[in-house]
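Peer 1: Okay, predicted coordinates and the sequence, questions at the end:
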Amino acid sequence: MKLAEVRKPVAIKTGAAQKLLAFASLILLVVFFSLSSPNFFRFDNLIGIMLSTAVIGVLALGSTFVIITGGIDLSVGTVMTFASVMTGVVITFWGLPIPLGIAGGILTGALCGFISGWLVAKMNIPPFIATLGMMMVTKGLSLVVSGTKPIYFNDTPAFAKLAMGTVLKVPYAVFIFFGLAVIASIVLSKTIIGRYNFALGSNEEATRLSGVNVTFWKIIIYVITGAFAGIAGIMMASRLNSAQPALGSGYELEAIAAVVIGGTSLSGGQGSILGTVIGALIMSVLTNGLRILSVPQEWQVVIVGIVVIGAVYADILRRRKK
Amino acid sequence: MSQILVSMDGISKQFPGVLALDQCRFELQAGEVHALVGENGAGKSTMMKILTGVYTKDEGRIVYKGKEVEIANTKAAQSMGIGIIHQELQLMPDLTVAQNIFIGREPRAALPLFLNDKELNERTKILFRQMNLNLDPRTLVSELTVAKQQMVEIAKALSYKSGVLIMDEPTAALTNAEIDELFRMIGQLKEQGVGIVYISHRMEELKRITDRITVMRDGCYVDTVRTDAVSVDEIIAMMVGRQIYSVSKPSISAGTKQAKVLEVRGLNRGSAVKDVSFHLNKGEIVGFAGLMGAGRTEVARAIFGADRIDSGEIIVNGRKASIKAPKDAVRYGIGYLSEDRKRYGLLVDMDVKTNISIASYRSFRSSAGWMKQAGMERNAEAYVESLKIKTPSIDQRVKFLSGGNQQKVVIGKWLTRDCQILMIDEPTRGIDVGAKSEIYKLLDELVRQGKSIIMISSELPEILRMSHRIVVMCEGRITGELSSEEATQESIMKYATMRAGEIAK
Ligand SMILES: Nc1ncnc2c1ncn2[C@@H]1O[C@H](COP(=O)(O)OP(=O)(O)OP(=O)(O)O)[C@@H](O)[C@H]1O
Ligand SMILES: [Mg+2]
């Protein structure tokens, strides 16, 4: 006899519901700030928000990959800085062409990612520890390589254009961010990398037993995260027209916060790029709006902290209902 | 015309503190179904994990299709055409059914790295059609019942088109209909010349589908016999190593018709539990029968506070109980042994001692708040002894125990807790015959001590033997209640398949 399966009705796919929730919060925030202050919903300000999202956003895009595997990368902030310093070394110290500087920055990020990935996947060091170490190492190396002083790009004015050149008054950095988001989203949903990314986060042992080379793919994923940090470093350097070796600590936490607000689960297996983009936007809309409302800097941080916790709790509530 | 596919010889495997296999052998021919049997912890799974590259052997040789081979990893085994369905489900809950089945072999699109998910779902559909399985390839595995997950594992193993297919207790969570379907597919594969290794504790299944039986005991090879040449009792004798042995039938102590310890009135939860009312007397075993997915587990989980209920009353010892979370249930003296031990019942990374004590930490705490290590150890030792849990020590981490022994640890945990009301979901799933009768004896002793038990089981013989009263469910409703005298397999099945609207008044 065939029996009817008792199955819970699944109205909306898990991920979609969270994205909807996050998107609704974003709209709500925008509406709230627009009503509260005439200065908020202005072209200049909106572009400002986008621009300030770009760097953290790119870091967050990269972080999404490792976090979906159930891992974490605490080094993205300082790897970003190290990559910008290396770009400065190639362009300003060595006087090489800008494209080589860009390649140098991205490769630096990817190499750091490779080392973290190798430590995690091959040496079985917990991601938290491996990337904490990498964070300290790259923080120090940035200072060593730059001689603790900023490296300026004054001889190559074209470099600053990379992020700050504009089309229709919109800086390139914003296009780069959204462009990378599209690419990341395709990688995650349409390629083998994305598939193994979710598989690893969902059940690593089962993935291994299915004959997937878990070590290899894990390293690849950390390399991707590192490469994104490298790109963020170049964008940062271009925006400031200098590589600032002391910058960058703390960025990784903001990136992680954006990812988490976007509904990616820290325990792995679930998450999306669209969520991360919305999460990053929520963070910068909030900071920007609060500043316009003249909320003191100290309180802004407090509020952002509460929002992060609230967003994750809302997600938990929704899951429990199911 | 029997060609030897696999021959394993002199295989040994040492784990820290355990010699899991000691000079073991096994032989598989093309087109045969070969059973591998033995008590919990005998080394059956380990033997097959060596054949599939999950573990590497310490000693011995494996000859595959006439050539000696080294199987270094799972990938190697797969490419040689050796497939396995693991005892513990190995699925990725956040991926879809199709993605799970083809993990590691995804159809690719024209561009490098890109996937062809249309093809993936299409192939899965074809596979399901061959299996008569009605399931959408795009469903997330986390939304499936254990039985359906098991079917997905089977589909995955079949999809490899392996020459050797190993099934480690594939039927543990299946319904009769699904088992029939599985056996039909096994028959087909056999005709195609596939060699099948079949591990199971259900003796009647062995008689039904296997050609030969290899018996293992304590990591050693005992014998290989033709299935039609031995009786079930002889197999059991070989397994346990004693000659005189029969599945003991514990006499049920007369159900005392005294106080109601638990009463449930009008319990509702979504579509899984509909208007369920019943009661449980002191010193009584009430068996919950029904098909997989009938809502029995959901009823137990609702009573235990693991899931929120929509409406209904739970009355414990005559007083209305407010149970919002498992900790409330535990306070009312209710314990629940989950059917899915890995997910809900065990801390697999912790040791046997901790797992047995975890639900009763309070009783192992001194007034100053220190843990009484000695007490915990003594208690754990006692249950390892009485439940015959096969483990090198009480400090062994539970994930290294064999499947059946993990189940026994969960039982030890709730026995330690000393609950007045125990709800046991599939108490003997994956447990060998010897331990099964130990568990029956234990249940019997518990009710003698005045405890009350709700036993959910899909094995009708178990229900019939152990219960004083039998409650039958179908599609979330209680469709019948039978006393142990009037119950038969037929009458239970009649109620178990009684759909809404046909309920006899
Ligand atoms: N990874 C491991 N580490 C340590 N010990 C292990 C490991 N895997 C298995 N063992 C031990 O090896 C022995 C054989 O286990 P195995 O899983 O092969 O038994 P089994 O015959 O499949 O039993 P069951 O019927 O309960 O599934 C057991 O004593 C078990 O505790
Ligand atoms: Mg086993």
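Peer 2: Noted; the coordinates are in hand. Ligands and ions are numbered 1, 2, ... in the order given.
Peer 1: can you list the residues of the stretch 51-200 of chain B near chain A?
Peer 2: Within the stretch 51-200 of chain B, the positions near chain A by Cβ under 8 Å from any Cβ of the partner chain are B:54, B:73-75, B:78, B:86, B:90-95, B:99, B:103-106, B:108, B:113-115, B:117, B:134, B:140, B:143, B:145, B:148, B:175, B:177. Placement of C-beta: from N, CA and C, glycine included.
Peer 1: following whatever helix or strand A:A24 lives in, which helix or strand comes up?
Peer 2: A:A24 is part of helix A:14-36 when elements are defined by DSSP states H and E. Going down the chain from helix A:14-36, the next helix or strand is helix A:43-68, by DSSP H and E.
Peer 1: Now the helix or strand following that next one - C-alpha only, PDB.
Peer 2: Toward the C-terminus, helix A:43-68 is succeeded by helix A:76-88 as the next helix or strand (DSSP H and E). C-alpha atoms of helix A:76-88 as PDB (Å, rounded to 0.1, in the frame of the first residue of the first chain):
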ATOM      1  CA  VAL A  76      39.700  39.700   5.600                       C
ATOM      2  CA  GLY A  77      40.000  43.200   7.100                       C
ATOM      3  CA  THR A  78      43.800  43.100   7.500                       C
ATOM      4  CA  VAL A  79      44.300  41.000   4.300                       C
ATOM      5  CA  MET A  80      42.500  43.900   2.600                       C
ATOM      6  CA  THR A  81      45.000  46.300   4.100                       C
ATOM      7  CA  PHE A  82      48.000  44.100   3.200                       C
ATOM      8  CA  ALA A  83      46.700  43.800  -0.400                       C
ATOM      9  CA  SER A  84      46.400  47.600  -0.700                       C
ATOM     10  CA  VAL A  85      50.000  48.000   0.700                       C
ATOM     11  CA  MET A  86      51.200  45.500  -1.900                       C
ATOM     12  CA  THR A  87      49.500  47.400  -4.600                       C
ATOM     13  CA  GLY A  88      51.300  50.500  -3.400                       C
END
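Peer 1: Buried ones in the lowest-mean-pLDDT helix or strand in chain B, by neighbour count?
Peer 2: Here the helix or strand of chain B ranked lowest by mean pLDDT, DSSP states H and E is helix B:433-448, holding a mean of 81. For helix B:433-448, burial by neighbour count (16 or more other Cβ atoms under 10 Å in any protein chain shown) applies to B:433-440, B:442-444, B:446-447.
Peer 1: so where is chain B shaky, pLDDT-wise?
Peer 2: For chain B, applying pLDDT under 70 flags the ranges B:1-2, B:241-258, B:341-344, B:499-505.
Peer 1: now do chain A
Peer 2: For chain A, the stretches flagged by pLDDT under 70 are A:1-19, A:318-322.
Peer 1: before we move on, the earlier item: the least confident helix or strand of chain B vs ligand 2: in contact?
Peer 2: No - using Cβ under 5 Å from the ion, helix B:433-448 never reaches ligand 2; the gap is at least 12.9 Å.
Peer 1: chain center to that helix, what's the gap?
Peer 2: 17 Å (Cα atoms, centre = their mean, to the nearest Å).
Peer 1: And stretch B:56-75, by the same measure?
Peer 2: With Cα atoms, centre = their mean as the basis, stretch B:56-75 stands 29 Å off its chain's centre.
Peer 1: if we can go back for a sec, taking helix A:43-68 as reference, get the angle to the helix holding A:A24.
Peer 2: Relative orientation of helix A:14-36 versus helix A:43-68 (axes from the mean of the first three to the mean of the last three Cα atoms, to 10 degrees): 160 degrees.
Peer 1: The nearest residue to B:V146 once chain neighbours are set aside and ligand 1, how far apart?
Peer 2: Closest residue to B:V146 apart from its sequence neighbours, by Cβ to Cβ, 6 or more residues apart in numbering or on different chains: B:A173 at 4.5 Å. Separation of B:A173 from ligand 1 (Cβ to the nearest ligand atom, to the nearest Å) stands at 14 Å.
Peer 1: List the backbone torsions phi and psi for B:A173.
Peer 2: Taking degrees, to the nearest 10, you get phi -120, psi 10 for the backbone angles of B:A173.
Peer 1: show me what contacts it?
Peer 2: B:146-147, B:149-150, B:292, B:339, B:429 (Cβ atoms under 8 Å, 6 or more residues apart in numbering or on different chains).
Peer 1: For ligand 1, what is the nearest residue in the stretch 101-250 of chain A?
Peer 2: A:E205 (11.6 Å; Cβ to the nearest ligand atom).
Peer 1: check contacts around residue 269.
Peer 2: No chain was given, so I picked chain A. A:68, A:70, A:198, A:201-203, B:92-94.
Peer 1: if you could check chain B rather than the one you did, that'd help
Peer 2: The neighbourhood of B:R269, defined by Cβ under 8 Å, 6+ apart, consists of B:298, B:302, B:307-310.
Peer 1: Can you give me the neighbour number for whatever residue of the stretch 151-300 of chain A ends up closest to ligand 2?
Peer 2: The stretch 151-300 of chain A approaches ligand 2 most closely through A:L209 (14.7 Å), counting by Cβ to the ion. By other Cβ atoms under 10 Å in any protein chain shown, the residues close to A:L209 number 24.
Peer 1: Also A:Y196?
Peer 2: A:Y196 has 23 nearby residues by other Cβ under 10 Å.
Peer 1: And what about it, helix, strand or coil?
Peer 2: Under DSSP: H, G, I helix; E, B strand; the rest coil, A:Y196 falls in the helix class.
Peer 1: do you know how far B:I11 is from B:T46?
Peer 2: Distance, B:I11 to B:T46, by Cβ to Cβ, to the nearest Å: 9 Å.
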